[in-house]
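1. Give me the fold of what follows.
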Amino acid sequence: MIVSVSYFILYFLLFLLLLSLLVANRKKYSLKPNRYPRVSILIAARNEEHTIIRCLQAIEKLDYPADKVQVLIGDDGSTDATRAVVDAFIKDKPTYTCITITENIGKAKGKANVLAQLAKLADSNFFFYTDADIAVPSSWIEAMLAEMTPEVGVVTGITTITGTSIFTKLQAIDWLYALGLMQVVSDLKLPVTAMGNNMLLRREAYEAVGGFEGIDFSITEDIAIFNRILRQGWSFRNIYDRSVLALSTPAASFVLFLHQRKRWMKGSMHLPFYMAIIFIMHAAYYPVLLPFFAYTSVTVMLSIFALKLLLQSTYLFLCLRRLGRSVPFWLYFMFELYLVVTSVILIIFFFLPVKTNWKGRRYS
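-> Down below sits the predicted model:
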């Protein structure tokens, strides 16, 4: 009883603190760079014949001088028509290059190996990273570069899911809610993480850590290189703004969704302790609330639930408003149900002796 009460006091105090920081400590972004240097966009592609054209079409629409954008695509042993689709799209585009990856270099494997080899071909000092199933906004390069001040080695944007189904919409707000929690911590100048589907690295910082081939293999290679670059003394920026909001296609099936989240959960083990505390406090809510019901009344239990829903919905509303987005009122209630169901399933799936399956490859 005492433990449960103590937990709820800490939980709601933490939530109120995060909400206060979201409102009072909002960072303003430059969004426009002082100069327009040459940049390189690196894309690892494996079995993306149905999605990569959408990605490349978005890059074609960037508000940035086309002659200053080098696009490098690495075909990572695709077993579908990815290479043929890419070749057809870039045949009359001299600033685009596609190579087939056949060997590993250094410690790199999988996606990290592709990116390591593409970096060898890059002819600029700024490496932009996105995925083949991502569509970046037209302002992407300008807004990311504007935050790349001399001391910064890593800039990270935000990504969410696009789609029409209810499950897809719930995933979309789940991404933006989690990234919103991270952003208030980042705005305190505390490092959190990076996302490889929406990331900018300074070449000097990348090479200082030996590139992807110089770091130990991880299925969350973006977090690994982010941490290594910061250990070298470089600073970071995280941007929570519609100007860098990239849109990803959803996982093709619920099973692939589980494998995606399992991969992320493994990556979260490398998050700083303060982010681990935030996520653990959130994850423990229902495991604490349900047994607490045995010691209290329905009224108290419902009051605790209602307060959590109110704070959570307010936080999410503010995050969405910052991005110029909104959702129907009933989705805030559905989101709570989504969190309960997916959290239970993911916890069980995470501890099952099943290797993570991603892009047709299995990782321990």
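2. for the record, mean pLDDT for stretch 245-264?
-> With pLDDT averaged residue by residue, stretch 245-264 scores 85.
3. So which bits of it are buried?
-> Going by neighbour count (16 or more other C-beta atoms under 10 Å), the buried part of stretch 245-264 is 245-251, 257-263. Heads up, the C-betas are built off the backbone N, CA and C, glycines and all.
4. Run the chain-centre distance for it.
-> 11 Å (C-alpha atoms, centre = their mean, to the nearest Å).
5. what's the span of it, first residue to last?
-> This stretch, stretch 245-264, spans 19 Å end to end (C-alpha to C-alpha, to the nearest Å).
6. ok, back up a step: nearest to residue 137, of the buried residues of stretch 245-264?
-> Ranked by distance to residue 137 (C-beta to C-beta), these are led by residue 245 at 6.0 Å.
7. hang on, the earlier thing: mind listing which of the buried residues of stretch 245-264 are in helices?
-> Of the buried residues of stretch 245-264, the ones assigned to helices by DSSP state H are 257-263.
8. what about the residue nearest to residue 339 when sequence neighbours are not counted, how many neighbours?
-> Excluding the flanking residues, the one nearest residue 339 by C-beta to C-beta, 6 or more residues apart in numbering is residue 174, at 7.5 Å. By other C-beta atoms under 10 Å, 18 other residues sit near residue 174.
9. Quick check: mean pLDDT of the helix or strand where residue 174 lies?
-> In the assignment (DSSP states H and E), residue 174 maps to helix 166-186. Average pLDDT, helix 166-186: 94.
10. Give the other helices and strands that it contacts.
-> Counting contacts by 3 or more C-beta pairs under 8 Å, 6 or more residues apart in numbering; DSSP states H and E, helix 166-186 is packed against helix 2-24, strand 158-161, strand 235-238, helix 273-283, helix 298-322, helix 329-351.
11. Give the residue spans of the chain that score low on pLDDT.
-> By pLDDT under 70, the low-scoring segments of the chain are 1, 357-364.
12. At the geometric centre of this protein, which residue sits there?
-> In the chain, the centroid-proximal residue (C-alpha atoms, centre = their mean) is residue 195; its distance is 4.1 Å.
13. Apart from its chain neighbours, what residue comes closest to residue 268?
-> Going by C-beta to C-beta, 6+ apart, residue 268 has residue 279 as its nearest residue, at 6.8 Å.
14. Could you do residue 180 as well?
-> residue 319 (3.7 Å).
15. quick one: the one you found and residue 238, what's the gap?
-> Distance, residue 319 to residue 238, using C-beta to C-beta, to the nearest Å: 13 Å.
16. For the residue nearest to residue 268, give me its contacts.
-> Residue 279 is in contact with 181, 268, 271, counting by C-beta atoms under 8 Å, 6 or more residues apart in numbering.
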